[in-house]
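Undergrad: sequence and predicted structure below; questions after.
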Amino acid sequence: MSKFELTKTKEWQKLAEFRNENQNLHIKDLFKDENRFKEFSIYDEELGLLFDFSKNIVTKETFKLLIDAAKAADIAGYAKKMFSGEKINRTENRAVLHTALRNQSGSPVYVDGKDVMPEINAVLDKMEKFSADLRSGKLTGATGKKFTDIINIGIGGSDLGPKMVCEALKYYGDASLNVHFVSNIDGADIYENLKKLNPETSFFIVASKTFTTLETISNALTARNWLVSKLGEKAVANHFAALSTNVEKVKEFGIDENNMFAFWDFVGGRYSLWSAIGLSIACFIGFDKFKELLSGAHYIDKHFLSAQYEKNIPIIMAVLGFWYNNFYGAQSYAVLPYSQYLHRFPAYLQQGDMESNGKTINFEGDRVDYQTGAIIWGEPGTNGQHSFYQLVHQGTKLIPSDFIGFVNPPQRVGDHHEKLMANFFAQTQVLAFGLTKEQAIENLLKTGASKEEIAMLAPHKVFEGGRPTNSILINYLTPKTLGALIALYEHKIFAQGALWRVNSFDQWGVELGKVLANTILPELSGKADNPHDASTKNLIKHFLKNKK
Ligand code: F6P
């Protein structure tokens, strides 16, 4: 294939030129325009979702140039290919159809000439029945008792998505059902979970797309042995289900095919919470609410496909991230939910974004000569304010961020919510507008500080401002709005992959470590040679020498 040089395109060049010529552009200057908020915000009535992107270092001209870059990348055309089942995941020769899992339009979706919707709907029906039976107590354990605990055993996409959603929608969850998530191969994870559980009332969901993942299979075997030691071999049939694309491996493990919920290789692990992988969610919040989650995502799918570029929220989110990543040298991007319910959202997005766009090879197979995926991180507000915000406000690095908040909390606890949101608004304001030296001096004068003290303290009290933020303010946290929020980020990631011309749907980078771990494993019980570099060799030697 011919070499495509993204940085030589006229769109890239114009952005670079603009950035170069406007080194001192400050957000506060942009707000001299009284229409700024109106022009740089979008309100979606149906979701009650306000997306305010006015606090960015973006003029009307920059915005136009960024949209031109998005158009040149043909994000809309590429999206159509994804939605229509084209095999855009070329390195794995797969279609990318998490969108089909939530397709509630009634229209078919074809892969290799076959409509995949009947199978998707059949699995959804099976999930509906299973979750209803488990919640009602119709489905019981081997000794006839109602299940009180569900343990999802999975890792990566088979853990982070369902866990994040169960936390986010806890308010809607069945209070008589505890959902646990075991992911780490560190025995501490399964040990600490099992010790709290009663085998008679525990149901294990083994979630693994491939059903070969070391962590999941090891944890599942440990759970199986524990169950069998308490209730006997026969109990496995009543207490285990599998969510996987791999029927053979599920059978091999000994889980009844009737208790298997299938999905397909066109669903990437990090995009799989909409599939059978969401079974723990459906059990916890009920199938109707699970369907609402899907409907919110489907609503955003339609928006992504149909809204013009300038009004397309995921595309705007994508180009803004692109702007700071590639023209401001921003290495990271913070996601800051002002909602304790969303406390796992940044962790979930870390996989979603970094596993998708942490790539160096472009569509043509060449190494890119520009930055791709950002480092995603974050914690809920206001906790983050008391730990890392200092660096965001006054550090030397530019850290663009998304603030996510809700107008109405699911439940009212005194005036906590107003206090929470006052902080949200205050933070985005200070980040954008800062505090000048004159203002800092004025504040110090009010405290009665001496001239010397003011001279010494003032520079430390200055906030440069100009730190860009998006605000996503949603009227209510519901299954539907959560589904929409997740889909916004999924499509942002997709659009950035298109801008950077990388395949967002493979993850070869995590494979090598797995292979090497398997080679090293026998060495840790002294059953194999230790033929490594000096550091690895001596670390293993030390481990073996001190192992009890
Ligand atoms: O190693 C990374 C990864 O392949 C993720 O992409 C995936 O979500 C996770 O492992 C778990 O994989 P599986 O669902 O096949 O167990």
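TA: Received, thanks.
Undergrad: list of residues touching the helix or strand where residue 390 lies?
TA: Assigned by DSSP states H and E, residue 390 belongs to helix 389-394. Applying Cβ atoms under 8 Å, 6 or more residues apart in numbering, the contact partners of helix 389-394 are 334, 397, 399, 401, 427, 430-431, 463-464, 467. Using the backbone N, CA and C atoms, a C-beta is placed for each residue, glycine as well.
Undergrad: can you tell me which of those is nearest the ligand?
TA: Checking the contacts of helix 389-394 against the ligand by Cβ to the nearest ligand atom gives residue 334 as the nearest, at 23.0 Å.
Undergrad: which SS state does that closest one fall under?
TA: Secondary structure, DSSP: H, G, I helix; E, B strand; the rest coil: residue 334 is strand.
Undergrad: tell me what it is bridged to.
TA: When bridges are called by DSSP bridges, residue 334 pairs up with residue 377, residue 401.
Undergrad: which among the contacts of helix 389-394 count as buried?
TA: With burial judged by 16 or more other Cβ atoms under 10 Å, the buried subset of the contacts of helix 389-394 is 334, 399, 401, 427, 431, 463, 467.
Undergrad: now, which of the contacts of helix 389-394 lie within strands?
TA: Counting by DSSP state E, the contacts of helix 389-394 place 334, 401 in strands.
Undergrad: okay if I get the contacts of helix 389-394 as JSON lines plus distance to residue 210 and pLDDT?
TA: As requested, those are arranged in JSON lines below (distance: Cβ to Cβ, whole Å; pLDDT from 0 to 100):
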{"residue": "334", "distance to residue 210": "32", "pLDDT": "98"}
{"residue": "397", "distance to residue 210": "38", "pLDDT": "98"}
{"residue": "399", "distance to residue 210": "35", "pLDDT": "98"}
{"residue": "401", "distance to residue 210": "34", "pLDDT": "98"}
{"residue": "427", "distance to residue 210": "41", "pLDDT": "98"}
{"residue": "430", "distance to residue 210": "46", "pLDDT": "98"}
{"residue": "431", "distance to residue 210": "42", "pLDDT": "98"}
{"residue": "463", "distance to residue 210": "49", "pLDDT": "97"}
{"residue": "464", "distance to residue 210": "48", "pLDDT": "96"}
{"residue": "467", "distance to residue 210": "41", "pLDDT": "98"}
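Undergrad: please narrow the contacts of helix 389-394 to those residing in helices.
TA: 427, 430-431 (DSSP state H).
Undergrad: how about a markdown table for those residues, with distance to the ligand added?
TA: A markdown table is the format used below for the ones in helices among the contacts of helix 389-394 (distance: Cβ to the nearest ligand atom, whole Å):
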| residue | distance to the ligand |
| --- | --- |
| 427 | 32 |
| 430 | 37 |
| 431 | 33 |
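Undergrad: closest to residue 219 out of those residues?
TA: residue 427 (39.1 Å; Cβ to Cβ).
Undergrad: quick one: the closest one and residue 420 touch, right?
TA: No: counting by Cβ atoms under 8 Å, residue 420 is not a contact partner of residue 427; they are 11.1 Å apart.
Undergrad: near the ligand, which residues of the stretch 101-250 of the chain show up?
TA: For the stretch 101-250 of the chain, the residues in contact with the ligand (Cβ under 6 Å from any ligand atom) are 155-158, 208-210, 213, 216.
Undergrad: actually the stretch 301-450 of the chain, not the one I typed
TA: residue 355.
Undergrad: for residue 423, which residues are in contact?
TA: Taking Cβ under 8 Å, 6+ apart, one finds 338, 381-382, 385 in contact with residue 423.
Undergrad: how about a cut-off of 6 Å?
TA: residue 382 (Cβ atoms under 6 Å, 6 or more residues apart in numbering).
Undergrad: tell me how this structure divides into domains.
TA: 11-93+296-500, 110-290, 510-546 (automatic domain parsing).
Undergrad: mind checking which of these is nearest residue 99?
TA: domain 11-93+296-500 (5.0 Å).
Undergrad: which single residue in the stretch 301-450 of the chain comes nearest to the ligand?
TA: Nearest to the ligand in the stretch 301-450 of the chain, going by Cβ to the nearest ligand atom, is residue 355, at a distance of 5.8 Å.
Undergrad: look up the closest residue to that residue, ignoring the ones flanking it.
TA: Leaving aside its sequence neighbours, residue 355 sits nearest to residue 507 (Cβ to Cβ, 6 or more residues apart in numbering; 5.1 Å).
Undergrad: from the ligand, how far out is that neighbour?
TA: 5 Å (Cβ to the nearest ligand atom, to the nearest Å).
Undergrad: that residue touches residue 356, doesn't it?
TA: No: in this structure, residue 507 is not within contact of residue 356 by Cβ atoms under 6 Å, at 8.1 Å.
Undergrad: of these two, which one has the most company?
TA: The residue with more neighbours, out of residue 507 and residue 356, is residue 356; 24 against 21, by other Cβ atoms under 10 Å.
Undergrad: in contact with that one, which residues are there?
TA: Listed by Cβ under 6 Å, 6+ apart, the contact partners of residue 356 are 493, 504.
Undergrad: excluding covalently adjacent residues, which one is nearest to residue 160?
TA: Counting by Cβ to Cβ, 6+ apart, the residue nearest residue 160 is residue 348, at 4.7 Å.
Undergrad: what secondary structure does that neighbour sit in?
TA: Under three-state DSSP, residue 348 comes out as helix.
Undergrad: give me the neighbour count for it.
TA: Residue 348, neighbours per other Cβ under 10 Å, totals 26.
Undergrad: ok, now the one 10 residues further on?
TA: Applying other Cβ under 10 Å, we find 17 residues neighbouring residue 358.
Undergrad: pull out the buried residues from the helix or strand where residue 228 lies.
TA: Element membership of residue 228, judged by DSSP H and E, is helix 214-231. Using 16+ other Cβ under 10 Å as the test for burial, helix 214-231 gives 215-217, 219-220, 222-224, 226-228, 231.
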